[in-house]
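[1] Fold the stuff below for me.
(2 chains)
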Amino acid sequence: MIVVENVYYTYPNGVEALKGVSLRIKDGEFVAIMGENGAGKTTLVLHLNGLLKPTKGRVLVDGVDTREVSVAQLSRKVGLVFQNPDSQFFCSTVEEEIAFALKNFGFSQEVIEKRITWALNLMNLKQYRHRSPFTLSGGEKKRVALAAVLAWDPQILILDEPTIGQDYRQKEKLRQFILQLNSQGRTVIIVTHDVEFVADCVPAPRVVLMAGGRVIADGDAEEVLTNPELVKKASLIQPQISQVFQELADLGLPRNVLNVYEARRIILERWRGR
Amino acid sequence: MSIFEGFVFRRIDTPIHRLDPRVKFLYTLVTLVLAILFNEFLALFVLFVGQLPLIWVARVQRSWARTMKGSLALVLLIFFTNLLTRWAYAGFRLHPVYLEESLAMTLRFLILVESFSIFSLTTSPDDLSLAMEQAGIPYWFCFAFTTSIRLMPAIARDAQTIVNAQRSRGLELERGNFLTRIKNYIPILVPLIVTTIRRSLELAEAMESRAWGATEKRTSLTQLEMGKTDYIATVFLLILLALAIYIRVSTRIPNLTSLIL
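    Okay, the predicted model is just below:
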């Protein structure tokens, strides 16, 4: 469980990025942290594996204050996948890239071998095992970065802007994959401003909306993302399906519809009812 | 990375910021010459303290202090290297004079950082480029120069992200003996170099698609002109230089140790 208690964070250059954030994320939860650029989303997740320490307040991961343990120790539990895969590749093959963290965490050679194969199969990257990560396409690079984190099997997985630069099909695969990881009992936290991506997740995640370094809403996606005021405050746009249902509310249709599947069900019900 | 912070220009309006960049360059040059001209602690101390008011007038104390803090490691290195070599040279004996001389060498370095920091904190890269162009330096060179200054904060940011990414993968920079620690930086340096090269290629493409270098003779919207204050400052700097050379040649500056003991 992650507990964020009234956390303030000021960067060395004086910018106050977090202004009193409190949050509680239970084991096995699926959470989307959303909001505009500069809302403090990335700053918040950098606190969860101890890369940043709160200026005021505290962060507890499974009861341990992040100030008291090293980033390496915390990362073993909290896997963070960065937005830009180019900020981490330095090896000459994909295989070595995945092995890097495993070596740092002290896995035996035998286990490392197994984990690499497992992670490559999982992310459908088997054929790239001996290729240089720099020669891969954008989407493939993102998958390698994800495989490199999944390889050590962290209980909590954080993905920073996983959908940026991905085509629609890759996004769809990524969504299924995230949901699968979550259904296996892992805590999954995604940082994103891709409203449609979140809306189409079934089951829908808990949404934490951020603006100006504060949490402005925290609840089920059906409630938060279909609330025009909240969404506007966070400089987002409602999912298209939700917009349609908002427009049709005077026909007696519910306002809190997020995705196509739900919309289809409701429309069919009405259709058959008449 | 904090040493870079003290070199990043911010646009504010002070007498120092308004000075012509060429005058400020002359100032940096004069300080450099003076710092090399003298190696006595007293003279260098005066030179160091004499520049301090400029920092307050230019209202850049905070960034300047950050640069000074950032250069602390180098300062200590210079001081102790000097002290150790003097000590070893004198047959492993210590004398207060060595301490003073080492302090003087350290101060010399600080003066250079100080004046360069004042220059870059108060001169916009655009003005600098303009000054270089008007001095007849080819435009491609001016552009490359100012771009490299401008990209420094961006590269520092990239470096921070890379450090974060690798630490999240269990990299511990402060672990192991000296050699391991150097090796620890490979996972930081490789992505940093790759991103920086990629960034400059992108910049080159973007510039070319905006017709960079389409005409030989480039015109400029603004022209630099020397005002009254600029001339006064120039004359003042030249007098200062002449005076310093005169003092160097005519008098002997005592060292502090002999004054005290």
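[2] ok, residue A:176 - how many residues close by?
    Residue A:176 sits with 11 neighbouring residues when counted by other Cβ atoms under 10 Å in any protein chain shown. C-beta coordinates here come from the backbone N, C-alpha and C atoms, glycine included.
[3] what's the pLDDT at it?
    Predicted confidence (pLDDT) at residue A:176: the value is 93.
[4] Which of the helices or strands spans it?
    In this structure, residue A:176 is located in helix A:168-183 according to DSSP states H and E.
[5] Show me what that helix is packed up against.
    Identification of packing neighbours for helix A:168-183 by 3 or more Cβ pairs under 8 Å, 6 or more residues apart in numbering or on different chains; DSSP states H and E yields strand A:30-34, helix A:138-150, strand A:187-192.
[6] mind redoing it with 7 Å?
    strand A:187-192 (3 or more Cβ pairs under 7 Å, 6 or more residues apart in numbering or on different chains; DSSP states H and E).
[7] Can you give the distance from whichever helix or strand comes after the strand it packs on to the centre of its chain?
    Heading C-terminal from strand A:187-192, the first helix or strand you meet, by DSSP H and E, is helix A:195-199. Computed by Cα atoms, centre = their mean, to the nearest Å, the separation of helix A:195-199 from the middle of its chain amounts to 12 Å.
[8] Quick one: name the residues of the stretch 51-200 of chain A near chain B.
    Applying Cβ under 7 Å from any Cβ of the partner chain, one finds that the stretch 51-200 of chain A approaches chain B through A:51, A:70-72, A:75, A:80, A:82, A:86-90, A:100-101, A:104-105, A:134, A:148.
[9] same thing but 8 Å
    A:51, A:70-72, A:75-76, A:79-80, A:82, A:84, A:86-90, A:100-101, A:104-105, A:134, A:148-149, A:152 (Cβ under 8 Å from any Cβ of the partner chain).
[10] Please spell out the PyMOL selection for the buried subset of those.
    Below is the selection syntax for PyMOL that covers the buried ones among those, with 16 or more other Cβ atoms under 10 Å in any protein chain shown defining burial:
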select buried, chain A and resi 51+71+72+75+76+79+80+82+84+86+87+88+89+90+100+101+104+105+148+149+152
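[11] So which of the residues of the stretch 51-200 of chain A next to chain B are in strands?
    Of the positions in those, A:79-80 sit in strands, assigned by DSSP state E.
[12] Spit out the contact partners of the residue of the stretch 101-250 of chain B found nearest chain A.
    Using Cβ to the nearest Cβ, the single residue of the stretch 101-250 of chain B nearest to chain A is residue B:170, 3.0 Å away. For residue B:170, the contact set (Cβ atoms under 8 Å, 6 or more residues apart in numbering or on different chains) comprises A:72, A:75-76, A:100-101, A:104-105, A:152.
[13] What is the nearest of those to residue B:86?
    Set against residue B:86, the nearest of these by Cβ to Cβ is residue A:72 (42.5 Å).
[14] can you pull out the helices in chain A?
    Using DSSP state H, the helices found in chain A span residues A:41-48, A:71-75, A:94-104, A:109-122, A:138-150, A:168-183, A:195-199, A:221-224, A:228-233, A:240-247, A:260-273.
[15] In a markdown table, list the ones you listed along with distance to residue A:11.
    A markdown table is the format used below for those (distance: least, Cβ to Cβ, whole Å):
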| stretch | distance to residue A:11 |
| --- | --- |
| helix A:41-48 | 8 |
| helix A:71-75 | 18 |
| helix A:94-104 | 27 |
| helix A:109-122 | 34 |
| helix A:138-150 | 25 |
| helix A:168-183 | 30 |
| helix A:195-199 | 27 |
| helix A:221-224 | 28 |
| helix A:228-233 | 24 |
| helix A:240-247 | 35 |
| helix A:260-273 | 41 |
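[16] what residues are up against residue B:223?
    So residue B:223 contacts B:130, B:134 (Cβ under 8 Å, 6+ apart).
[17] which residues does the nearest residue to residue A:214 once chain neighbours are set aside contact?
    With sequence-adjacent residues excluded and distances taken as Cβ to Cβ, 6 or more residues apart in numbering or on different chains, residue A:214 is closest to residue A:19, at 5.4 Å. With contacts taken as Cβ under 8 Å, 6+ apart, residue A:19 has the following neighbours: A:8, A:40, A:212-214.
[18] In CSV: those residues, plus neighbour count.
    Shown next, in CSV, are the contacts of residue A:19 (neighbours: other Cβ atoms under 10 Å in any protein chain shown):
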residue, neighbour count
A:8, 15
A:40, 22
A:212, 16
A:213, 22
A:214, 15
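[19] Now the two most distant members of those residues.
    Greatest spatial distance in these: A:8 and A:212, 12.9 Å, computed using Cβ to Cβ.
[20] Return the per-residue confidence for the one residue sitting closest to the centre of chain B.
    Using Cα atoms, centre = their mean, the residue of chain B that lies closest to the mean C-alpha position is residue B:116, 3.8 Å off. Residue B:116 is assigned a predicted lDDT (pLDDT) of 89.
[21] Residue A:76 contacts residue A:151, doesn't it?
    No. Look at residue A:76 against residue A:151 with Cβ atoms under 8 Å: they stay out of range, at 12.0 Å.
[22] tell me which residues in the helix holding residue A:176 are buried?
    Neighbour-count burial for helix A:168-183, with 16+ other Cβ under 10 Å as criterion, is recorded at A:170-171, A:174-175, A:177-179, A:181-182.
[23] okay, the angle between it and strand A:187-192?
    Here helix A:168-183 points in a direction 150 degrees away from that of strand A:187-192 (axes from the mean of the first three to the mean of the last three Cα atoms, to 10 degrees).
[24] Residue A:139 is in contact with residue A:167, isn't it?
    Yes. At 6.9 Å, residue A:139 and residue A:167 qualify as touching, with contact defined as Cβ under 8 Å.
[25] Neighbour count for the two, which is higher?
    Remark: of residue A:139 and residue A:167, residue A:139 carries more neighbours, 17 against 10, as counted by other Cβ under 10 Å.
[26] Can you name the residues that contact that one?
    Remark: with contacts taken as Cβ under 8 Å, 6+ apart, residue A:139 is in contact with A:165-167, A:170.
[27] Would you format these as TSV with pLDDT included?
    Shown next, in TSV, are these (pLDDT from 0 to 100):
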residue	pLDDT
A:165	79
A:166	83
A:167	85
A:170	85
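[28] hmm, back to that, next, the angle from the helix holding residue A:176 to helix A:138-150.
    Using the same axes, to 10 degrees: helix A:168-183 against helix A:138-150 is 10 degrees.
[29] Touching, residue A:207 and residue A:32? I think so.
    Yes. Using Cβ under 8 Å as the test, residue A:207 is close enough to residue A:32 to be in contact (5.1 Å).
[30] buried set for the helix or strand hosting residue B:114?
    Here residue B:114 is covered by helix B:96-122, with elements defined by DSSP H and E. Applying a neighbour-count criterion of 16+ other Cβ under 10 Å, the buried positions in helix B:96-122 are B:97-122.
[31] Which residue is the nearest non-sequential neighbour of the residue in chain A positioned nearest to chain B?
    When distances are taken as Cβ to the nearest Cβ, chain A reaches nearest to chain B at residue A:104, 3.0 Å away. The shortest distance from residue A:104 to any non-neighbouring residue, by Cβ to Cβ, 6+ apart, is to residue B:170 (3.0 Å).
[32] Show me which residues of chain B are close to chain A?
    If contacts are counted using Cβ under 8 Å from any Cβ, the residues of chain B sitting beside chain A are B:2, B:5, B:158, B:161-162, B:164-172, B:186-187, B:189-191, B:194-195, B:198.
[33] Check the burial of residue A:98 by counting its neighbours.
    30.
[34] any idea where the helices of the stretch 101-250 of chain B begin and end?
    B:125-134, B:139-168, B:178-184, B:186-209, B:228-250 (DSSP state H, counting those that start in this stretch).
[35] domains for chain A, by residue range?
    Recorded structural domains for chain A (assignment: automatic domain parsing) are A:2-77+A:155-223, A:86-153.
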